[in-house]
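Enquirer: One predicted model, sequence on top.
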Amino acid sequence: METWVVVLIVVVAAAAAATAAFYFARRAAPAAPPIEAPPPPAKIIHVPASQEEIDRAQVEARRVRAEAETQAAAVRQQSDQLRQHNDQLRQQGDQLRQQSEQTAQRERARIDSELREKRQRFDTEIQAEAKDHRDKVLEVERRLARKEAEAEKEQLRIEVREKEISSEKEKLEKQLVEVKSRDEQLQATLKQEEQKLLEIAQLTAQEARDVVMKKFEEECQGDLAKYLEKKEEERKERSEEIAQRIVGTAIQRCAVRYVSDTVVSVIDLPSDEMKGKIIGREGRNIRAIEKATGVDVIVDDTPGVIVISCFDAVRREIARRALEKLISDGRIHPARIEELIEAEKKGIDEDIRNTGKKVCADLGLQKVHPQIQFLVGRLKYRSSYGQNVLEHSIEIAHIMSSICAELKLDPLIGKRCGLLHDIGKAMTHELDGSHAVLGADQARRFDEQRLIWNAIGAHHEDMPYETTYAVLTQVGDAISAGRPGARRDSVEQYVERLEKLEATATSFEGVASAYAVQAGRELRVLVDADKMDDNMALLTARNIAKKIEDELTYPGEIKVTLIRERKVTEIAR
């Protein structure tokens, strides 16, 4: 196609050249004089021309004629050249046409050859596929024939087996009838024998049954103790390994400082003269402070300090802040005292809110109601056995997160349960009820999930456990409270707890004495070897531990060690 385009362009160029030559030839020829209308008849005046003008006109005419002949010769030469070029182009076009026809014939022959080869391959493939399909169909038909033959044989076997089963069933029915008749005979014989035995032993049926059961129980008690000991060892090995790993991981990942809260705050004074200003004239300043805050301000002979005493940590903090500002300001009088205390009351509420928000943000807890955040912040000024409740709650949140991660539970839910489990302590003095129930009510009121408020209410068993998170919350509370140094016990509470432990052990039959050692972490029980054998000792130790778990409240765990020994003394004479 490109060859034909070239030929067409050449032909158009030749036509354009011929047109241009014709145009130049016409311009070179002398223009014909315009046809004018015959002039009106006039008077002809003959003016004789000079010889010089005639010669000049002839020279000019010859010059014009020579130029015209030269131009005509050039135009003829160009026309001949264009004709020759046009002939060459026509020849080239004929050659190109012949070449294209030859190329087309060769391409047609090649395509025909390829089509024949493809048709042959396709026919061969179709024949091969048809042959494979026929072979597969024949194979399927052969398999079906074999299956049908096997099914017929199986059917025959089933029919034979059914007949055998029917005959066996008839035999079994006959045997069953015989067994029933024999059983009736045996029952009658047993009743007769039992009646004879009762007459001989002079016992009722219930008394004889009790004697047999008691003897059987005594025989089985040793086996039962050995079985329980074996299972207990297996359970302890497995459970202690898993529990130690989980609890150890949780405790290692949680490092919370312990600062035992007290009921007093100490304020440093720049000089002892400041004590007089704080007391005021006739003690009016110190009375104003105690009246506005509800604390006791103790000014004694200790140099450079005064002491603020109050069981309410919020009041004590308000008084501490107000006194520090009064000391730094220097203006101490009742009006200024009341003004600063009112300002600090507003400031302490804002500090509580900010504390609750910061704790929730640090733990990654979202969508916590502002009132719940306020209760969390108030825990900063609450203590339990000398342990700060907010620090205790944060620690349990971290412990719960670690334990939940180990048990493939949601760590965020664990953190939420741990942080909020003691929010009832922020309002216990305002409402009646245990702090666990109050905290659960507040959590339910402010749209916490059911599993959250159930964990809060169940961590002291005031509610039934509904989820694993409730159990883990109680475990985390025990871990945090049971750490050495975490909490303080009074001497009376400590002694009372030890006496209850010892009384629980001595309440069992065969126990001679019991001693609580290692600050109540271990209970050593001494038993009478004449009244209790080794198997009974094992069961008694287990029952003592079970009773302690059910009836007593204690941090951590208590080890029960039961000691049975026999001393034999002989004198050689």
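Expert: Structure received. Numbering: from 1, shown residues only.
Enquirer: what residues are up against the residue nearest the centre of the chain?
Expert: With distances taken as Cα atoms, centre = their mean, Asp410 lies nearest the centre of the chain, 6.7 Å away. Neighbour list for Asp410: Cys404 [criterion: Cβ atoms under 8 Å, 6 or more residues apart in numbering]. To be clear about C-beta, it is placed using only N, CA and C from the backbone, and glycine gets the same treatment.
Enquirer: give me every residue that touches Glu338.
Expert: Contacts of Glu338 by Cβ under 8 Å, 6+ apart are Ala288, Ala292.
Enquirer: ok so, going back, next one: the residue nearest to the centre of the chain from Ala470, what distance?
Expert: Distance of Asp410 to Ala470, computed by Cβ to Cβ, to the nearest Å: 14 Å.
Enquirer: ok so, going back, phi first, then psi, for the residue nearest to the centre of the chain.
Expert: phi -80, psi 110 (degrees, to the nearest 10).
Enquirer: what do you get for Gln187?
Expert: Dihedral angles for Gln187 - degrees, to the nearest 10 - are phi -60, psi -40.
Enquirer: That one: neighbour count?
Expert: 10 (other Cβ atoms under 10 Å).
Enquirer: ok, now Ala458?
Expert: 23.
Enquirer: Who are the contact partners of it?
Expert: Ala436, Pro464, Tyr465, Glu466, Ala470, Thr473, Gln474.
Enquirer: pLDDT score assigned to it?
Expert: Confidence at Ala458, expressed as pLDDT, is 85.
Enquirer: Please apply the same query to Arg253.
Expert: For Arg253, pLDDT reads 48.
Enquirer: Kindly report the same for His429.
Expert: For His429, pLDDT reads 59.
Enquirer: Val307 falls within a helix, correct?
Expert: No. Counting by DSSP: H, G, I helix; E, B strand; the rest coil, Val307 is not part of a helix but strand.
Enquirer: Point out where the stretch 251-400 of the chain drops to low pLDDT.
Expert: Scanning the stretch 251-400 of the chain for pLDDT under 70 picks out 251-263, 385-386.
Enquirer: before we move on, what about the chain?
Expert: Applying pLDDT under 70 to the chain flags residues 1-49, 196-209, 211-212, 215-226, 236-263, 385-386, 428-432, 482-492, 555-556.
Enquirer: quick check: domain ranges of it?
Expert: 2-25+65-196, 203-252, 261-353, 363-488, 492-563 (automatic domain parsing).
Enquirer: Pipe those domains into TSV and attach distance to Ile571 per row.
Expert: Shown next, in TSV, are the domains of the chain (distance: least, Cβ to Cβ, whole Å):
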stretch	distance to Ile571
domain 2-25+65-196	54
domain 203-252	34
domain 261-353	63
domain 363-488	50
domain 492-563	21
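Enquirer: These: which one's closest to Ser50?
Expert: domain 2-25+65-196 (23.0 Å; Cβ to Cβ).
Enquirer: Of the contacts of Ala458 - the most surrounded one?
Expert: Thr473 (30 neighbours).
Enquirer: measure that residue to Lys408 for me?
Expert: 17 Å.
Enquirer: same thing with Pro270?
Expert: 59 Å.
Enquirer: Those two: who's more crowded?
Expert: Pro270 (10 against 6).
Enquirer: so the more buried one sits right up against Ile327, yeah?
Expert: Yes. Using Cβ atoms under 8 Å, Pro270 makes contact with Ile327 at a distance of 7.0 Å.
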